[in-house]
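In: Have a look at this fold, sequence not included:
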Ligand code: SF4
Ligand code: SF4
């Protein structure tokens, strides 16, 4: 396979090639290996962070080509960034991987059709709120249909897996609607996202109630778009930047922190400064935007007075990778759950990726299923009443894990737990998933 050899070595898209300085930071110490889920499952060096970086270096130096095998090793990376969190050399693995994926975008060796379909859907459906609303309506209807279980049984494995993950209890989609209480307090901008807005309406409504319960005046900047995280992870940096610019422009006219209840979105938005670094007219604006972004738990933990709760039930909290590894937020959600009265338990591997990872379950269904199975084993060993997360992809994956394993465990967003605990001082309690 031949391709251009420009300043960026043997990269097909030199303008978006991983930076040689980023690649050079890896000193091959191997401390990241045991943090990497794909290495833990396969035991292969090429399926480890160090191995994937070495492949990129070889291409950079013109000693290797972007073969189907190289692409497959990169595509199997979850982009969970557990490696980045433990790396003593500060290798920016997430940035390297996004730019490696950008090479696959222009010269895919295998799965060309799938890649084109994903790019089309991400750009023209996920990236366009009105079209996404139309596309999500039948999915939401199916998720809440009482007979869905009968249909799921006859679906092929991959479709059945996706169908089982859909949340049944999220009601209508979230729209910019009237509040239950008279707004007061300092302004907080709620980022509503794309999938969260359409499939997790109840999580957003709970988030608004929790923010108001903590004393905020919740505002919604109109015109906000998808954060672009899925586009960046796919290597479509052009659209990731485009969506970032639109969000920056929308929020510039607002005041206060931008609060996000989706770990993946929050991580991406905190890195808009990095995404748009060096882009004339945008770099400084992006930095200013990123400095305003707060995860919901991060913002709540900074409030002087929070209600206590009496949530009845044993709860396990599972770290979303992009909250724990990218944003460094582990303590705050746990402290909030304890304040809400939860009987908080820990499972082994709570911060190991669940295998959701954006579109990973679609592209790498076998590895995703194995990581989901390992989570189900940990849940079965702990027997919690509820599994708590703070990211929509993980939420879907845990719903699938619970249903596949036949566990009677509820899956909740942190905001739903706090909302129940604060609304009902006699105890929010849990309901078993059907
Ligand atoms: S821990 Fe960092 S420096 Fe060490 S091998 Fe992994 S990526 Fe390279
Ligand atoms: S991002 Fe996650 S899956 Fe990818 S190399 Fe790092 S630890 Fe492994």
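Out: That came through fine. None of these values were measured; they are calculated from a predicted model. Ligands and ions are numbered 1, 2, ... in the order given.

In: Kindly tell me how buried whichever residue of the stretch 251-400 of the chain sits closest to ligand 1 is, as a neighbour count.
Out: Closest approach between the stretch 251-400 of the chain and ligand 1, counting by CB to the nearest ligand atom: residue 325, at 12.9 Å. Yep, even glycine has a C-beta here, placed from its N, CA and C like the rest. Residue 325: 25 surrounding residues under other CB atoms under 10 Å.

In: Could you double-check that it sits in contact with residue 82?
Out: Yes: counting by CB atoms under 8 Å, residue 82 is a contact partner of residue 325 at 5.2 Å.

In: OK, contacts around the residue of the stretch 251-400 of the chain closest to ligand 1?
Out: 80-82, 84-85, 351 (CB atoms under 8 Å, 6 or more residues apart in numbering).

In: what do residue 325 and residue 82 both touch?
Out: Joint contacts of residue 325 and residue 82 (CB under 8 Å, 6+ apart) are residue 351.

In: count of neighbours near residue 30?
Out: There are 12 residues near residue 30, going by other CB under 10 Å.

In: Give me the nearest residue to it, chain neighbours excluded.
Out: Spatial nearest neighbour of residue 30, chain neighbours left out: residue 50 (5.9 Å); criterion: CB to CB, 6 or more residues apart in numbering.

In: For the helix or strand containing that neighbour, what is the distance to the chain centroid?
Out: Secondary structure assignment for residue 50, by DSSP states H and E: helix 49-60. Chain-centre distance of helix 49-60: 25 Å, with CA atoms, centre = their mean, to the nearest Å.

In: Name the helix or strand for residue 259, please.
Out: For residue 259, the element it lies in under DSSP H and E is strand 258-260.

In: so what secondary structure elements neighbour that strand?
Out: strand 187-190, helix 263-270, strand 293-295, helix 296-301 (3 or more CB pairs under 8 Å, 6 or more residues apart in numbering; DSSP states H and E).

In: which bits of this structure sit near ligand 2?
Out: By the rule CB under 6 Å from any ligand atom, the part of the chain lying against ligand 2 is 35-38, 49, 52, 77-83, 93.

In: Repeat the analysis, applying 5 Å as the threshold.
Out: 36, 38, 49, 77-78, 80-83 (CB under 5 Å from any ligand atom).

In: Out of those residues, which end up buried?
Out: Buried subset of the residues of the chain next to ligand 2 (neighbour count, 16 or more other CB atoms under 10 Å): 36, 38, 49, 77-78, 80-83.

In: Near ligand 1, list only the ones from these.
Out: residue 49.

In: Now intersect the buried ones among the residues of the chain next to ligand 2 with the helices, please.
Out: Counting by DSSP state H, these place 38, 49, 82-83 in helices.

In: just checking, next helix/strand downstream of the longest helix seen in the chain?
Out: Among all segments of the chain classified by DSSP H, the helix with the greatest residue count is helix 365-382. Where DSSP H and E defines the elements, the next helix or strand beyond helix 365-382 is strand 386-389.

In: So what touches that following strand?
Out: Contacts of strand 386-389 (CB under 8 Å, 6+ apart): 313-318, 320, 333, 337, 342, 379, 395, 398, 402, 409-414, 417, 430.

In: again, 6 Å this time
Out: 313, 315-318, 395, 398, 409-412, 414, 417, 430 (CB atoms under 6 Å, 6 or more residues apart in numbering).

In: How about stretch 266-282?
Out: With contacts defined as CB under 6 Å, 6+ apart, stretch 266-282 is touched by 227, 229, 241, 244, 260, 283, 286-287, 289-290, 293, 295, 322, 326-327.

In: again with stretch 137-153
Out: 160, 163, 166, 168.

In: and the third one, which of the three is it?
Out: What that stands for is residue 166. Using DSSP: H, G, I helix; E, B strand; the rest coil, the structure places residue 166 in coil.

In: quick thing: my sequence starts at 115, can you match it?
Out: Renumbered: residue one is now 115, and that last one reads residue 280.

In: give the contact list for it.
Out: Applying CB under 6 Å, 6+ apart, the residues near residue 280 are residue 257.

In: Tell me which residues touch the residue in the stretch 165-314 of the chain positioned nearest to ligand 1, please.
Out: Nearest to ligand 1 in the stretch 165-314 of the chain, going by CB to the nearest ligand atom, is residue 201, at a distance of 3.2 Å. Applying CB under 6 Å, 6+ apart, we find residue 201 in contact with residue 146.

In: Pull up the per-residue confidence for it.
Out: Among the per-residue scores, residue 201 shows a pLDDT of 98.
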